[in-house]
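>>> need a structure here:
(chains A and B)
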Number of protein chains: 2
Amino acid sequence: MTVRALILAGGSGTRLWPLSTDDRPKPFLPLAGTKSLLRETSERAARLSGEENVLFSARASHAPHLAREFPGLPAARLVLEPERRNTAPAIALAALAVAGEDPDAVLVVLPSDQAVRDADEFHRALSLAVESARDGKAFLTLGIPPSRPETGFGYLEAGREASPGVREVVRFVEKPPLAEARRYAVSGNHYWNAGIFAFSVRLLFAEVERLCPDVLASMRAADAARRAGDEAGFEAAFRSCRSISIDFAVMEKAVSVRTVPSDCGWSDLGSWEAVFEFRGGVEGRSVLSGPVLEDGGSGNLVLAGDRPVRLLGLSDVVIVDSPDGLLVMKRGSSDLLRTSVERSLSEVRK
Amino acid sequence: MTVRALILAGGSGTRLWPLSTDDRPKPFLPLAGTKSLLRETSERAARLSGEENVLFSARASHAPHLAREFPGLPAARLVLEPERRNTAPAIALAALAVAGEDPDAVLVVLPSDQAVRDADEFHRALSLAVESARDGKAFLTLGIPPSRPETGFGYLEAGREASPGVREVVRFVEKPPLAEARRYAVSGNHYWNAGIFAFSVRLLFAEVERLCPDVLASMRAADAARRAGDEAGFEAAFRSCRSISIDFAVMEKAVSVRTVPSDCGWSDLGSWEAVFEFRGGVEGRSVLSGPVLEDGGSGNLVLAGDRPVRLLGLSDVVIVDSPDGLLVMKRGSSDLLRTSVERSLSEVRK
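The predicted structure is shown next:
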């Protein structure tokens, strides 16, 4: 029984303008340090499965980015989507490719628009999840203990212990209102759903067949066409599939889900505020990257480009300098940024 | 009797980093709007004397900048300095060139690192100064009524009226302490010395001869060498001269100085704060130049480059984007900027 890792190389975000754009999506940016998030994710995956067992799911249009990031990556480790269809079709398609080599394989799914501070703890938790998934009776998820009453994430509600370090998941909770989020933050039974899964491909097929057979049918057709070298048939079959997430299609209704709670310093880096905190920024301490001269202020996040940046007399400010644009923002104004970017995009599209 | 205008094309300033640098000095920047300060100054001068009577004094190393700004400018209208020697030598040298054509000429001296909002009033005042200077008995200066207790400028103290709209200057006052500056701001007898002068070249020579004959001797030698086509002799004579300002060398000790008070909306644009105010910025109203999207803030000065700038949730901030660097500063932090630039320059030179 082999372990394969599937890295989802999608993910974007208007909240990370001007660095993250359609052409240069978030996983390809070195947001957590000096390596791209994708590279860091692949290193975590390789530690678990060996590098040769790490697959990438990506939009076909991002294949050149992947080739630059991973020179010499064999085509067999690439699962390209002709169009976005969310995570369920992409995972089903990759699982079919994996099952073709080992029908008993355990597949680990890792989004790549995230970061982890404690790689050892992450490895421990994910290894335990893989171990628990081997019986083929449940989907395993990583559960991140909430550090704040976050209303932007989905939660897992955990019940009794299934085995040491592993708990049954009672239910999935969609993004909660603030009062609920406050309760979850201290309940001891609620975890952030980071979208990190481990499961046997046999179980996946059984549950996809039961819960959304049309998705499995489309992906079986796509997989067969690809094996036959029929690119047009592959694309047509893929495009015919509806867009649906693995959480909504399978996990929330699955026969059994377990979670491995792990305080691994996970972050979705979903906003500049999250990037600031992940990189050690706190009240009174700045995060400065590149040629930055700061004087008379603190608590700033500055990601400089090639040019020197002087930041004078200001605190709690975000500055991101990129060839595509310059952001200067009060920290914590992510909502203003999202609104501003969406408005200008809609004006451009008019 | 002709009127000639001499534009001093020097001037720099660490307070205007990152736009103003040694290679691209302040007069060549469009700080007051869309034209360079030098171009705006030359247009004000040409209105008074005719374009053909406008001369430029500049460092030789800035000759290429001048040629770009004024294509086809005849060499006869250029007075190039091999090295900086402050204003007295430059003005004496230009006056010698002017006197060679008309020994009775009136010369108007205009710094070009300044801006004027009310061009008509400026023209009225300067015309009156030229008129008053024709008798050859006094140096004329423009006197700017103080709008605030500024400690960074020199002042003129005015006495009785010499003729309608013209007052005698009792004395020059160097940069005063704050208490003095507060008194000057409301006295009705004190004006900012903008360094804008009009005088007959005959009077200039007489007073330079009396007050600093060594400067005149050096410049006579330089002028003679230049007329003889002896470039090396010109440079040697110029370099032999000491560095001294026209204010210190002549005006403060001159036999007679008069001033024409003029509330012409003059600014030295000596800091980003001054640029903000000159361009109409006030509490609650921003000055935005270039592709700028501002949301959730006001009272900002943003000079964008080619790239879009988003400024979100911040007020009273200065942002200046240039190929040489990026400045993000709390408004009113000019002292921090000067210190920061001087410190890094001294580090570079170590």
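>>> what's the closest non-adjacent residue to the residue in the stretch 101-250 of chain A that chain B sits nearest to?
In the stretch 101-250 of chain A, the residue that lies nearest chain B is residue A:152 (18.6 Å; C-beta to the nearest C-beta). Any C-beta I mention is one placed from the backbone N, CA and C, and that applies to glycine too. Excluding the flanking residues, the one nearest residue A:152 by C-beta to C-beta, 6 or more residues apart in numbering or on different chains is residue A:175, at 6.1 Å.
>>> dump the residue contacts of the residue positioned nearest the centre of chain A.
Residue closest to the average C-alpha location in chain A (C-alpha atoms, centre = their mean): residue A:111, at 2.6 Å. Residue A:111 is in contact with A:7-8, A:11, A:41, A:194-196, counting by C-beta atoms under 8 Å, 6 or more residues apart in numbering or on different chains.
>>> give me the low-pLDDT residue ranges for the stretch 101-250 of chain A?
By pLDDT under 70, the stretch 101-250 of chain A has no low-scoring segment.
>>> what does chain A have sitting close to chain B?
Selection of chain A residues close to chain B by C-beta under 8 Å from any C-beta of the partner chain yields A:17-18, A:293, A:295-297, A:304, A:307-314, A:317, A:319, A:321, A:323-330, A:332-333, A:336-337, A:339-341, A:344.
>>> rewinding a little: before we move on, what SS does the residue nearest to residue A:152 have?
Following DSSP: H, G, I helix; E, B strand; the rest coil, residue A:175 is assigned to coil.
>>> isn't it right next to residue A:154, touching?
Yes: with contact defined as C-beta atoms under 8 Å, residue A:175 reaches residue A:154; the gap is 6.2 Å.
>>> These two - which one has more neighbours?
Under the criterion of other C-beta atoms under 10 Å in any protein chain shown, the comparison of residue A:175 against residue A:154 puts residue A:154 first, with 18 against 12.
>>> if I read this right, that one contacts residue A:174, doesn't it?
Yes: contact criterion C-beta under 8 Å: residue A:154 and residue A:174 qualify, at 5.6 Å.
>>> what's the neighbour count on residue A:220?
16.
>>> roughly how far apart are it and residue B:260?
From residue A:220 across to residue B:260, the span is 91 Å (C-beta to C-beta, to the nearest Å).
>>> again with residue A:169
85 Å.
>>> How about residue A:268, nearest residue that isn't a chain neighbour?
residue A:114 (5.3 Å).
>>> Same question for stretch A:169-183: list its buried residues.
Neighbour counts using 16 or more other C-beta atoms under 10 Å in any protein chain shown place A:169, A:172-173, A:176, A:181 of stretch A:169-183 among the buried residues.
>>> Between its first and last residues, how far does that stretch reach?
One end of stretch A:169-183 to the other measures 17 Å (C-alpha to C-alpha, to the nearest Å).
>>> helix or strand for residue A:72, which one?
For residue A:72, there is no host helix or strand (DSSP states H and E).
>>> Tell me how many other residues crowd it.
Neighbours around residue A:72, by other C-beta under 10 Å: 5.
>>> And the one 3 residues further on, by the same measure?
Other residues near residue A:75 number 7, with proximity taken as other C-beta under 10 Å.
>>> got a list of what the nearest residue to residue A:282 once chain neighbours are set aside touches?
Spatial nearest neighbour of residue A:282, chain neighbours left out: residue A:299 (7.4 Å); criterion: C-beta to C-beta, 6+ apart. If you count contacts by C-beta under 8 Å, 6+ apart, residue A:299 has them with A:281-286, A:315-316, A:331.
>>> Likewise for residue A:154?
Per C-beta under 8 Å, 6+ apart, neighbours of residue A:154: A:172-175, A:192-193, A:247.
>>> any idea which of those residues is closest to residue A:160?
residue A:172 (17.1 Å; C-beta to C-beta).
>>> What strands flank the helix or strand containing the closest one, and is each parallel or antiparallel?
Using DSSP H and E, residue A:172 sits within strand A:166-173. Here strand A:166-173 is paired, per DSSP bridges, with strand A:155-163 (antiparallel), strand A:257-261 (antiparallel).
>>> Next SSE downstream of that strand?
Strand A:166-173 is succeeded, C-terminally, by helix A:178-187 (DSSP H and E).
>>> between the helix or strand just after that following helix and helix A:178-187, how many degrees?
Using DSSP H and E, the next helix or strand after helix A:178-187 towards the C-terminus is strand A:190-200. The directions of strand A:190-200 and helix A:178-187 differ by 70 degrees, with axes from the mean of the first three to the mean of the last three C-alpha atoms, to 10 degrees as the criterion.
>>> coming back round to it: got a PyMOL select line for the buried ones in the contacts of residue A:299?
Buried subset of the contacts of residue A:299, written as a PyMOL selection, criterion 16+ other C-beta under 10 Å:
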select buried, chain A and resi 281+286+315+316+331
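>>> got the contacts of residue A:299 as CSV, with pLDDT columns?
As requested, those are exported to CSV (pLDDT from 0 to 100):
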residue, pLDDT
A:281, 96
A:282, 94
A:283, 92
A:284, 95
A:285, 97
A:286, 98
A:315, 98
A:316, 98
A:331, 96
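>>> Could I get the phi/psi values of residue A:130?
Backbone torsions of residue A:130, given as degrees, to the nearest 10, read phi -60, psi -40.
>>> From residue A:133, how far out is the closest residue to it other than its chain neighbours?
Among residues not flanking residue A:130 along the chain, residue A:198 sits closest, at 5.0 Å (C-beta to C-beta, 6+ apart). Separation of residue A:198 from residue A:133 (C-beta to C-beta) stands at 4 Å.
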